[in-house]
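>>> quick one: sequence and predicted model below, then my questions.
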Amino acid sequence: MTKVNLEQTDIFSMFDIVDEVAEQKKREDEERRQKAEALRKKMDLAKQASPTTPSATAASKPEPEKFDVNEDTVIRHYGESIEITSYFTTEELAEGLLVKKKEGEDERKPLDGEMLRKRMEKDYPEMVKEHTEVVFLKSKNLVIVTQKAKKKGTDCMEESLSYDSGSSFSAFPFPRIPFTVLRDFVAVARFYGEVELEVHADIYLQDGKYFLDFPQQYVNKYWVQVIESSEDIIMRVEDAVKVLEIHSHHNMQPIPSSQDNQSERVPGRYYAIVGNTHKFFPDITVRKYISNEYGHRNLEPEEIFENPFHKIPAFNENAIEVCV
């Protein structure tokens, strides 16, 4: 009796054709497996090392260049070029800032970044001392004013002062961020979330296009901290405008912690937290910091991000009958 082979053969195997979709999925699965293995090795090494804090293990900062500005120095602040003479007189640039002393004669003190920040804060409220860094690049005769992300965490939850999205505060002043940018962050957050680690990124706008940037950082189950120097970040992102800071809470709710509330306090800055990254559709919290008086304003994600479900595809509307 002849034995019949009833094994199902797909059309690709039948004609000896390579299934490109299946092959691509195999490559992606293998790449993910290798990255997951590398991440687990990192975690094993971290567990073997003696307990440390980010501040103790971060590489020492290089000595900042002397704040040797002159009349030709240009201030760069997220794409905007400003003449330094807008904030210092030619006399101050040449001789220093005149400081009044309680006793005795007044004296001149050399200019520094903090003096510039104080004067610029009147025009740029986001330049609060705790979140602003002023970097002088002597080779380019440039002063870069930037805000670097601070430590985020989920160590404990705390109710913060906030206003609902129906308030009269100004709308999002930029084009909506493409959903693909959010998708890419969620993909990375989900990968690290599989081993319960947080992760941070910044979303920038440059020449009308958004991009996602992951600075050097320490990650932990309960916190994430950027350790890359402002100088290095500036050299990489150049004149791009930071629009939003985003971090994950892996398998936990995207509820701002007390650490988040302390760190996310740059006036006018937008912040997002992605939580429950194990879900097919993770949860997301979006907010904007207004001021010490008003705190944070809660926002709907689609006020900031493009809604991927907004466009309705073509379909046979007559096939759907409404019954009431």
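Arrived safely, thanks for sending.

>>> please save the CA atoms from stretch 267-277 in PDB.
Only the C-alpha atoms of stretch 267-277 are listed here, as PDB (Å, rounded to 0.1, in the frame of the first residue of the first chain):
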ATOM      1  CA  PRO A 267       8.700  76.200  32.700                       C
ATOM      2  CA  GLY A 268       7.100  75.500  29.300                       C
ATOM      3  CA  ARG A 269       8.700  72.100  28.900                       C
ATOM      4  CA  TYR A 270       6.600  69.000  27.900                       C
ATOM      5  CA  TYR A 271       7.000  65.700  29.600                       C
ATOM      6  CA  ALA A 272       5.700  62.200  29.000                       C
ATOM      7  CA  ILE A 273       5.700  58.900  30.900                       C
ATOM      8  CA  VAL A 274       5.000  55.500  29.300                       C
ATOM      9  CA  GLY A 275       3.800  52.800  31.700                       C
ATOM     10  CA  ASN A 276       2.600  49.200  31.500                       C
ATOM     11  CA  THR A 277       4.900  48.600  28.600                       C
END
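
>>> for the residue positioned nearest the centre of the chain, list each beta-bridge partner.
Geometric centre of the chain, nearest residue: residue 202, 2.0 Å, by CA atoms, centre = their mean. Taking DSSP bridges as the rule, residue 202 bridges to residue 213, residue 245.

>>> residue 286 too?
Beta-bridge partners, per DSSP bridges, of residue 286: residue 272, residue 299.

>>> contacting residues for the closest residue to residue 206 other than its chain neighbours?
Distances taken as CB to CB, 6 or more residues apart in numbering place residue 240 nearest to residue 206, at 3.8 Å, with adjacent residues excluded. C-beta: built from backbone N, CA, C; applies to glycine. Residues in contact with residue 240 (CB atoms under 8 Å, 6 or more residues apart in numbering) are 78-79, 204-206, 211.

>>> could you tell me the end-to-end distance of stretch 76-95?
End-to-end distance for stretch 76-95, by CA to CA, to the nearest Å: 23 Å.

>>> what comes up buried for that stretch?
Within stretch 76-95, the residues scored as buried using 16 or more other CB atoms under 10 Å are 76-78, 82, 84, 87-88, 92-93.

>>> and the gap between residue 175 and residue 233?
Distance, residue 175 to residue 233, using CB to CB, to the nearest Å: 23 Å.

>>> those two - which one has more neighbours?
residue 233 (22 against 12; other CB atoms under 10 Å).

>>> average pLDDT across the helix or strand that contains the more buried one?
For residue 233, the host element (DSSP states H and E) is helix 230-237. Averaging pLDDT along helix 230-237 yields 88.

>>> summarise which helices and strands that helix is packed against.
Helix 230-237 sits against strand 132-137, strand 142-147, strand 200-206, strand 209-213, with contacts defined as 3 or more CB pairs under 8 Å, 6 or more residues apart in numbering; DSSP states H and E.

>>> specify the angle between the third one and strand 142-147 in degrees.
In other words, strand 200-206. On the basis of axes from the mean of the first three to the mean of the last three CA atoms, to 10 degrees, strand 200-206 is oriented at 130 degrees to strand 142-147.

>>> elements contacting strand 200-206?
Checking 3+ CB pairs under 8 Å, 6+ apart, strand 200-206 ends up next to helix 179-193, strand 209-213, helix 230-237, strand 241-248.

>>> tell me the angle of the shortest one relative to strand 200-206?
Using the same axes, to 10 degrees, the inter-axis angle of strand 209-213 relative to strand 200-206 is 160 degrees.
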